[in-house]
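pasting a predicted model and its sequence here:
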Amino acid sequence: MPSATGKEFLQPNSHQEVVELLVKHGERALVVGGGTFLHGLLARGVLHDLDVLIDLQKVGLSYVKHERDVFSIGATTTFAELAASERVQNRPELGALLDALQYPPAQIRNMATVGGCVASATPLFDLPVAFMVLDSSVRAVGPKGAREIGLHKFYLDYFEHVLERTELLTEILVPRQLSRSASAFLKLETNANDLALLNVAVRVALDDKGTCRDVRVVVGGGIGKVPVRAVSCEDVLKGQQPTLALLKESGNVVSFDIHPVSDFRTSAKYRSTVAKVFVRRALLRALDRLGVHLDEPS
Amino acid sequence: MKKIINLDINGQSQEVTVAPHQTLLQVLRDELGLLGTKKGCDTGGCGCCTVQVDGKAMYSCMIFAMSAQGKKITTVEGLAESAVLDPVQQAFIETGAVQCGYCTCGMIMTIKAYLSSNNSRVPSDLEARQAIAGNLCRCTGYQKIVDAIRLAATRRIATGSQKG
């Protein structure tokens, strides 16, 4: 296996130190969260000119906070730590996050970090899709200071986001959700270690009459360079009482919003077909979490 | 630049010289001669490199050795106490869960971590399979491994043991 000819392995103690190191070493350096994504790239010889590894585990970014109605998740929080956090349990509005965290096996959950997953800019990952459906943003620090960027504006292309090389993603922020809202996430995979052939996150908010006052649908996996907001699906349900027929219609129109690809995993046609089913099922699950049970006929 | 570091492996402090890019898997096998942890895919997909870090199952092929400093690393060599096998190892033998043996060490490390934090009842077939979702086996078809998990869990509960 080819590996980095890395000359240094640094373990700074603060995010300010990390930024200084990124400025000093420029393109020779990369930060390491859990290292799960990085190792995959190293093994494929993609990062052969990497000299400096900056380990983030002592930087103090492992936390889940809930202050002034905003959840802030430190970038080095592992999947397992987030899933176990009391702050995110029993909250139907965060269901999509907890659903997404269940898919990887134990080893990945114990190692992979939330910040690393978001910063990898891989549209085939799961957590970013779940975060996007919750209108999340990221906080980053760099030599010019700190800034906050909405996730819907964060991704540009495969493996490309808006951060500069000298910026460090420090937190993911999940804002307060509308009252009486629930979210859900589904992933199509061939095995537990696989990337998503397709994934879908939804969020539904009902008013006191049971009408959908807000609907959000985000689709990821092999459907484009970045996760896509399926506005057509949302428009079918907004302002309506949810019914099985409407959910099915909402699922069917997802083909207007996504551009699935054919690759060695599966065909574009299969992705399109499953997307319709997954949007419907994710909506069913979210509504179920709100106590609205639209059971499908068996 | 290589550095001399100390790693806590199975309760013993081991001094090793490592390069920045070296993985814990490489160090365990090539520097310390601990061959129980196996190299399979080397990219965090097959699970045969699984070790425990502070009691949590992780892929050693994806851990930089330098970041393992200050943590308790447990490999399969650290389980048995002289001639007495660990209960999970014993269960594997009794259920016939070993064929070629290549996945076995990684499986056992994953299962031990799972049983340590899921010890109130015997897992169902599905739960046991989900617990080992990060470990591939080409030989057994998994059923006997699942049987071993449930056997070890049953005994653990019956004896009220903290081991296993």
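Looks like it arrived, so ask away. Numbers count the residues shown, from 1 in each chain, chains lettered A, B, ... in the order given.

residue contacts, whichever residue of chain B sits closest to chain A?
Going by C-beta to the nearest C-beta, chain A is nearest to residue B:134 of chain B, at 2.6 Å. Using the backbone N, CA and C atoms, a C-beta is placed for each residue, glycine as well. Neighbour list for residue B:134: A:104-108, A:192-193, B:47, B:50, B:57, B:59, B:110 [criterion: C-beta atoms under 8 Å, 6 or more residues apart in numbering or on different chains].

out of those, which is nearest to residue A:7?
For those, the closest approach to residue A:7 (C-beta to C-beta) belongs to residue B:59, at 24.3 Å.

touching, the closest one and residue B:48? I think so.
No. The pair residue B:59 and residue B:48 does not pass the contact test of C-beta atoms under 8 Å, sitting 9.3 Å apart.

tell me which of the two has more neighbours.
Applying other C-beta atoms under 10 Å in any protein chain shown to residue B:59 and residue B:48 shows that residue B:59 carries more neighbours, namely 33 against 25.

got the phi/psi numbers for the residue nearest to the more buried one when sequence neighbours are not counted?
With C-beta to C-beta, 6 or more residues apart in numbering or on different chains as the criterion, residue B:59 has its nearest non-adjacent residue at 4.4 Å, and that residue is residue B:44. Dihedral angles of residue B:44 (phi, psi; degrees, to the nearest 10) stand at phi 70, psi 40.

who in chain B is up against chain A?
B:1, B:3, B:19-23, B:42-45, B:47, B:50, B:53, B:56-59, B:61-64, B:66-67, B:110, B:113-114, B:130-135 (C-beta under 8 Å from any C-beta of the partner chain).

tell me the confidence at residue B:125?
Model confidence at residue B:125, expressed as pLDDT, equals 97.

quick one: contacts for it?
So residue B:125 contacts B:146, B:150 (C-beta under 8 Å, 6+ apart).

recalculate using a threshold of 6 Å.
residue B:146 (C-beta atoms under 6 Å, 6 or more residues apart in numbering or on different chains).

how about the residue nearest to residue B:59, what does it touch?
A:36, B:59, B:62.

so the second one bridges to which residues?
With DSSP bridges applied, the residues forming beta bridges to residue B:59 are residue B:50.

that one against residue B:49, yeah?
Yes. Checked against C-beta atoms under 6 Å, the pair residue B:59 and residue B:49 is within contact range at 5.5 Å.

quick one: the helices in the stretch 51-200 of chain A, in order.
Ranges of helices in the stretch 51-200 of chain A, per DSSP state H, counting those that start in this stretch, are A:79-84, A:95-102, A:106-111, A:114-119, A:127-133.

which other helices and strands does the third one contact?
Helices and strands touching helix A:106-111, by 3 or more C-beta pairs under 6 Å, 6 or more residues apart in numbering or on different chains; DSSP states H and E, are helix A:79-84, strand B:56-59.

just checking, residue B:116 is part of a strand?
No. Residue B:116: not assigned to a strand; according to DSSP: H, G, I helix; E, B strand; the rest coil it is helix.

strands of the chain, start to end?
No chain was given, so I picked chain A. Counting by DSSP state E, residue ranges of the strands within chain A are A:8-10, A:29-32, A:52-55, A:64-67, A:70-74, A:137-142, A:145-150, A:155-157, A:160-161, A:168-174, A:181-188, A:198-206, A:212-221, A:228-229.

ah, I was thinking of chain B
B:3-9, B:12-18, B:50-53, B:56-59, B:72-74.
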